[in-house]
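Engineer: dropping the sequence and predicted coords here.
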Amino acid sequence: MRWLKISGIALLGLIIVTAAALWLAGGPVLAWVIEHPGSAYVGRQIHIRGPLVLHWGSPLQIIAEDVQVANAPGGSAPDMFTAKRLEIEVFASTLLSGRRHLPLIKLEGAKLLLEKEEAGGENWKFGLTAPTPKKRHEFPDLRHFTVHDSELVWLNRTTGARTDLGIGVLEYNADGPERQIQVMMAGTYAGSFQKVPYRFAGIFGSLADLRNPSRPYPVKLTGKFDEIDLIADGTIDAPLDVAGVELRLSMSGKRLDVLASALGVPMPELPDFKGTGVLAGGAGKWVMKALTIGLGRSDLEGGLDIDTTGKVPTVEANLTSSQIDLADFTGLGGAAPATSSAPSLEAAKEHQDQDHLFPDLSIEVHKLPGVNVDLSFYGTRILSKSGLPFERLALRLLLKDGAITVKPLRFHAAQGDLDINLHFTPFTAVGGPHLRADIDIRHVDLHQLLRTNSSATIRATGGIVGGFMKVDTNGTSMRQFLSRMDGDVGFFMQNGQISALLQSLAPIDIVGALGVYAKGDTPQPINCLVSRFAVKKGIATASTFLLDTEEVAVEGGGDINFADETLDLTLAPHNKRFTLFSLRTPVDIGGTMAHPAYHLHTGPLVARVGAAAGLGILFPPAALLPLIETGLGEHNSCSKAYAAQQPPRNPTPKSGSSTRP
């Protein structure tokens, strides 16, 4: 008991001395306590570079200037938190017992850096159990919280994703425990590609509602994100943990692409839109239910699953549409949004070499956002600009570790089907984007495809077409992509007709020499067109080329060089029957794609075309016929024309019989 009395007297004396020091010396003593014992307690160095002032009273007012809190070891910046001015009002007696009562917390010129480290740690986790409320009933009696000219930075060092939230003003007001909390916030939001203004106002349940764990906490937010109006209305079961969220969302306005770009997903310029949905979940796992979006003449509905608990956030989306109008997505075709820094098409033409068709301007490829996406989409009807509907569009898109895989994009159009599979990596070990594509075209009606074209010449073109393209390439411009291609390309057509369009591509004497001259508006019938090109380092070599009409069969060979855009082709017509005007002449095509040169070949047929009229010498039928049948279907006219070009085979003589030579 004697030692207890001595200890009690010593403790009381220490309290009296400390109180006297605070009363007499005030701020400097408190600053020393914060910078030394306080820093050791939280495990981070705290500095108060400016003055610290105490105003005694009820409540106690503490004002500190130039406050710095060190970042975690190995952080991207020295400080996790800085503030030009920090003001706190607190009833000192509530710090010892009961609920803490803070009439005011005010920040000016503050910056808070929250970052996930590459090893997976977070810089906001201190070496102690943070003295922050863990349960709803522990939330302090905070009446006013204001922030001016400050910034919140979120950095994921694993993915490189960065978000800057500029806070021009934030006002939190709770005039009493039973009064609703009102919050107003305005500033700028900057994601990976875009910086946009925002303004939000919120009405929340009272502090008494917040401390009551028996019922969900009510939340209502209204605001504006650039030109988009947002409303969120619902409840949160565990508001301090941001868990048990159930919010009804409504969005409408202009420039959905701005919102997407600010969130790290680059998109083309989009029309006005309206959307609704329900956001549910929490603790890093979210579900967007009953999502419906109207975008111009297009609609979209479905749901999203979002998981942010891993090193890289993941999104799974299942979406459907009854109608997509491609006119609502013209930016996907290359039209740059008004806010885009990429060169416009007109600017590209001004700087483009007039001797080349393909521009050498660098393609602006941004690093894709630090998120993994698995998207499944099915569209019943797709409207094109030409008016031709595309039906039954199915898409599976995977975005993983910055690379995009489409497997497949499949749709039905003009009585035919198209399948597209591709893999695109924006950055590779050699530094440039890499593209691998596999495209199949099956039984497309060319006349139906072109029937709405404004040109009567093009509308007269018809036939059933099919083909394939398998390419692998890389580069930083369109010209580089084409000049570095490796692959295999085939195109087939049956029962077609080509109008005067052919005459606009080549001089009349050239098409006449080949025997495919169309008289007046009468289309030239085409029984079959079979072509196949082997592509190596940007040079496409015709391994097979056959154009079959009623009068002639045109055989071709040579190269198309995409690297320097030159042509080195020969087309050789073979008469199918003799007439007085049946003499045909091979044609050499040279020059460039922009300025082709034609030459009537009067000498012997060049070796690269082949001495025989049949394609069997140029390509084995067994390898090509299945591809033709895949593109045009079985029993097609090309298979018949192909077979007709083969040299006759003598049957194996039977025993005791003879055959003609």
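Structural biologist: Done, it's in.
Engineer: what about the stretch 451-600 of the chain, any weak spots by pLDDT?
Structural biologist: Within the stretch 451-600 of the chain, the segments meeting pLDDT under 70 span 453-458, 499-505, 508, 517-522, 577-584.
Engineer: all helices of it, in order?
Structural biologist: Counting by DSSP state H, counting those that start in this stretch, the segments of the stretch 451-600 of the chain that form helices are 456-459, 478-483, 501-505, 508-514.
Engineer: gap between residue 137 and residue 207?
Structural biologist: Using Cβ to Cβ, to the nearest Å, we find residue 137 at a distance of 11 Å from residue 207. Heads up, the C-betas are built off the backbone N, CA and C, glycines and all.
Engineer: which of the two has more neighbours?
Structural biologist: Under the criterion of other Cβ atoms under 10 Å, the comparison of residue 137 against residue 207 puts residue 207 first, with 21 against 11.
Engineer: mind checking the SS state of the closest residue to that one other than its chain neighbours?
Structural biologist: Nearest residue to residue 207 in three dimensions, chain neighbours excluded: residue 177, at 4.7 Å (Cβ to Cβ, 6 or more residues apart in numbering). Secondary structure, DSSP: H, G, I helix; E, B strand; the rest coil: residue 177 is coil.
Engineer: list the contacts for residue 177?
Structural biologist: Neighbouring residues of residue 177 by Cβ atoms under 8 Å, 6 or more residues apart in numbering: 141, 206, 207, 208.
Engineer: can I get the residues you listed in CSV with pLDDT, distance to residue 483 and secondary structure?
Structural biologist: Below are these laid out as CSV (pLDDT from 0 to 100; distance: Cβ to Cβ, whole Å; DSSP: H, G, I helix; E, B strand; the rest coil):
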residue, pLDDT, distance to residue 483, secondary structure
141, 88, 70, strand
206, 93, 68, strand
207, 89, 68, helix
208, 90, 71, helix
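Engineer: partners of whichever strand or helix holds residue 164 in the sheet?
Structural biologist: Residue 164 belongs to strand 161-173 when assigned by DSSP states H and E. Taking DSSP bridges as the criterion, strand 161-173 forms sheet pairs with strand 141-156 (antiparallel), strand 180-190 (antiparallel).
Engineer: got these as CSV, with distance to residue 75 and mean neighbour count columns?
Structural biologist: Formatted as CSV, those follow (distance: least, Cβ to Cβ, whole Å; neighbours: other Cβ atoms under 10 Å):
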stretch, distance to residue 75, mean neighbour count
strand 141-156, 9, 18
strand 180-190, 20, 17
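Engineer: so which of these comes closest to residue 357?
Structural biologist: Nearest of the strands paired with strand 161-173 to residue 357, taken as Cβ to Cβ: strand 180-190 at 38.7 Å.
Engineer: run through who's touching that closest one.
Structural biologist: The contact list for strand 180-190 (Cβ under 8 Å, 6+ apart) reads 163-174, 195-207, 210, 225, 262.
Engineer: could you redo the last one with a cut-off of 6 Å?
Structural biologist: Contact with strand 180-190 is made by 164-174, 195-204, 206, 262, as judged by Cβ atoms under 6 Å, 6 or more residues apart in numbering.
Engineer: per-residue confidence averaged over whichever strand or helix holds residue 33?
Structural biologist: Per DSSP H and E: residue 33 is located in helix 27-33. Here helix 27-33 scores 83 as its mean pLDDT.
Engineer: in that helix, what's buried?
Structural biologist: Neighbour-count burial for helix 27-33, counted by 16 or more other Cβ atoms under 10 Å, picks out 27, 29, 30, 31.
Engineer: burial count for residue 67?
Structural biologist: Counted with other Cβ under 10 Å, the neighbours of residue 67 add up to 22.
Engineer: list the buried residues in stretch 107-120.
Structural biologist: Across stretch 107-120, burial judged by 16+ other Cβ under 10 Å covers 107, 109, 110, 111, 112, 113, 115, 116, 117.
Engineer: any idea which element the third one lies in?
Structural biologist: Residue 110 is located in strand 101-116, with elements delineated by DSSP H and E.
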